[in-house]
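Undergrad: pasting a predicted model and its sequence here:
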Amino acid sequence: MLVCAFAVVAGASAQAQQQAPDWVEVTPKAPWQARDSQGEVVYRDRLWILGGWFDSFQHAPRDVWNSADGEHWQRVTAEAPWRHSDLAMSLVFDDRMWMLGGWYGGRMPEHEAGHEVWSSRDGRAWDQATSAAAWSARLAAAAVVFKDRMWILGGSEDYYFGDASSLKNDVWSSADGKHWRLECEHAPWAPRAYHQAVVLGDRIYVFGGGNYVPTYEAHHDVWSSSDGVHWEQLTDAAPWHARLWFPAVVYRDRMWILGGWSNDPSRNWNDVWYSRDGRDWRQLVSSKIWKARHEHSAFVWRDKIWIAGGHAQPLSSEVWSLEVPPDWFPGDEDVDLQAN
């Protein structure tokens, strides 16, 4: 067994809320069918949407769309060869778009998790790096590019029909999508899915997530690592509410979380939080913002944060953007980045 080390770093704090720039609705209805749980990347100066979820009793969509402005979209292909596009992991690596794992079949009898790995340079032609990656078939893992490798962290081996034993806290990496290396069999953070990871500076950060069914659990802890093996717990209780199904990005040298869903009580969120170090979090409070939602896409592109789609009761095909001036962040000089 690989030994994964950890340390605890004290205390999170929430700083005073600051009135923020407003979000801009780029389009109330993009031409792709409203959806959530889709893959999303920024690639060759375009926003891309990959597959997703319409409902639990039809197969996941396999269409691919892109946009040069966030308002006007073109369908690149109606049916990509990958099938497991519900809660798949997507990223850009080695000048390719990648789709990894995911769920197929909703609640239908033929449902399954996948561990296929696909890549494409144009969204039309896709190459299968492997039909069975070394990590177990799963969905809703976190995925990042770090130290010139693709990384998969945690996830669930079953969506609607699993239990706590379906959750993973292993860490894998690959330089080519075909050959995967187990970096850490059991990370010190609790097994989870529907969480997020980002890379800021020279560290990976993992936060939030948990489980959906049969027993709901949600976290708002934050962990970081410089190598994917040795982990520090920066806080066990960030000031944002514990949640699942939220996106995260890095923008203006800060990590951001945007919305999501909790079940105590059941509700969507449309709050926006950011942090430079994972311990001290501030809420960005805008007068105009998108309706609360979960499993929406988030991008950083052309000096802005963008969100698209998601389940806003009902499903949405909206696109919104936010530009925060680089010098807007008051008080961040008080954050001691050396603590990491």
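TA: Here it is on my side, so go on.

Undergrad: how far away is the closest residue to residue 35 other than its chain neighbours from residue 265?
TA: Take residue 35 and drop its neighbours on the chain: the residue closest to it by Cβ to Cβ, 6 or more residues apart in numbering is residue 52, 3.8 Å away. All C-beta spots, glycine's among them, are computed from the backbone N, C-alpha and C. Counting by Cβ to Cβ, to the nearest Å, the gap from residue 52 to residue 265 is 26 Å.

Undergrad: coming back round to it: next, the residue nearest to residue 35: phi, psi?
TA: phi 130, psi -140 (degrees, to the nearest 10).

Undergrad: okay, now it: neighbour count?
TA: 28 (other Cβ atoms under 10 Å).

Undergrad: got it, and the one 5 residues further on?
TA: Neighbouring residues of residue 57 were enumerated by other Cβ under 10 Å; the total is 9.

Undergrad: check residue 197 too.
TA: Residue 197 has 26 nearby residues by other Cβ under 10 Å.

Undergrad: if you go through the stretch 101-250 of the chain in chain order, where are the strands?
TA: Shown for the stretch 101-250 of the chain, the strands assigned by DSSP state E, counting those that start in this stretch span residues 112-120, 127-130, 142-146, 149-156, 167-174, 180-184, 196-200, 203-207, 210-211, 217-218, 222-225, 231-235, 248-251.

Undergrad: can you give the contact residues for the third one?
TA: Outside of strand 142-146, the residues that reach it under the criterion Cβ atoms under 8 Å, 6 or more residues apart in numbering are 89-93, 100, 150-155, 173, 195-199, 204, 206, 209, 228.

Undergrad: just the buried residues out of those, in ChimeraX syntax.
TA: This is how ChimeraX selects the buried members of the contacts of strand 142-146, with burial counted by 16 or more other Cβ atoms under 10 Å:
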select :89,90,91,92,93,100,150,151,152,153,154,155,173,195,196,197,198,204,206,209,228
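
Undergrad: now distance to residue 318 too, for the strands of the stretch 101-250 of the chain, in CSV please.
TA: Below are the strands of the stretch 101-250 of the chain laid out as CSV (distance: least, Cβ to Cβ, whole Å):
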stretch, distance to residue 318
strand 112-120, 26
strand 127-130, 32
strand 142-146, 25
strand 149-156, 27
strand 167-174, 31
strand 180-184, 36
strand 196-200, 21
strand 203-207, 25
strand 210-211, 27
strand 217-218, 25
strand 222-225, 29
strand 231-235, 32
strand 248-251, 17
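
Undergrad: could those go into a markdown table alongside distance to residue 29 and mean pLDDT?
TA: Converted to a markdown table, those look like this (distance: least, Cβ to Cβ, whole Å; pLDDT from 0 to 100):
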| stretch | distance to residue 29 | mean pLDDT |
| --- | --- | --- |
| strand 112-120 | 27 | 98 |
| strand 127-130 | 33 | 98 |
| strand 142-146 | 29 | 98 |
| strand 149-156 | 32 | 98 |
| strand 167-174 | 36 | 98 |
| strand 180-184 | 39 | 98 |
| strand 196-200 | 27 | 98 |
| strand 203-207 | 32 | 98 |
| strand 210-211 | 32 | 98 |
| strand 217-218 | 31 | 97 |
| strand 222-225 | 35 | 98 |
| strand 231-235 | 39 | 98 |
| strand 248-251 | 23 | 98 |
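
Undergrad: out of these, nearest to residue 72?
TA: Closest to residue 72 of the strands of the stretch 101-250 of the chain, according to Cβ to Cβ: strand 112-120, at 21.4 Å.

Undergrad: quick one: contacts of the closest one?
TA: Residues from elsewhere that reach strand 112-120 (Cβ under 8 Å, 6+ apart): 80-84, 88, 93-94, 96-105, 126-133, 135-139, 156-159, 177-178.

Undergrad: can you tell me which of those residues are buried?
TA: Neighbour-count burial (16+ other Cβ under 10 Å) applied to those gives 80, 82-84, 88, 93, 96-105, 126, 129-130, 133, 135, 137-139, 156-159, 177.

Undergrad: show me where this protein dips below the pLDDT cut-off.
TA: Where the chain drops to pLDDT under 70, the residues are 1-3, 5, 7-19, 332-340.

Undergrad: about what we covered before: can you pull the contacts of the residue nearest to residue 35?
TA: Each residue near residue 52 by Cβ under 8 Å, 6+ apart is listed here: 35, 36, 37, 38, 39, 60, 61, 85, 86, 309.

Undergrad: of the strands of the stretch 101-250 of the chain, which is nearest residue 56?
TA: For residue 56, the closest of those is strand 112-120, at 14.0 Å, according to Cβ to Cβ.

Undergrad: in that closest one, what's buried?
TA: So strand 112-120, judged by 16+ other Cβ under 10 Å, has buried residues 113, 114, 115, 116, 117, 118, 119, 120.
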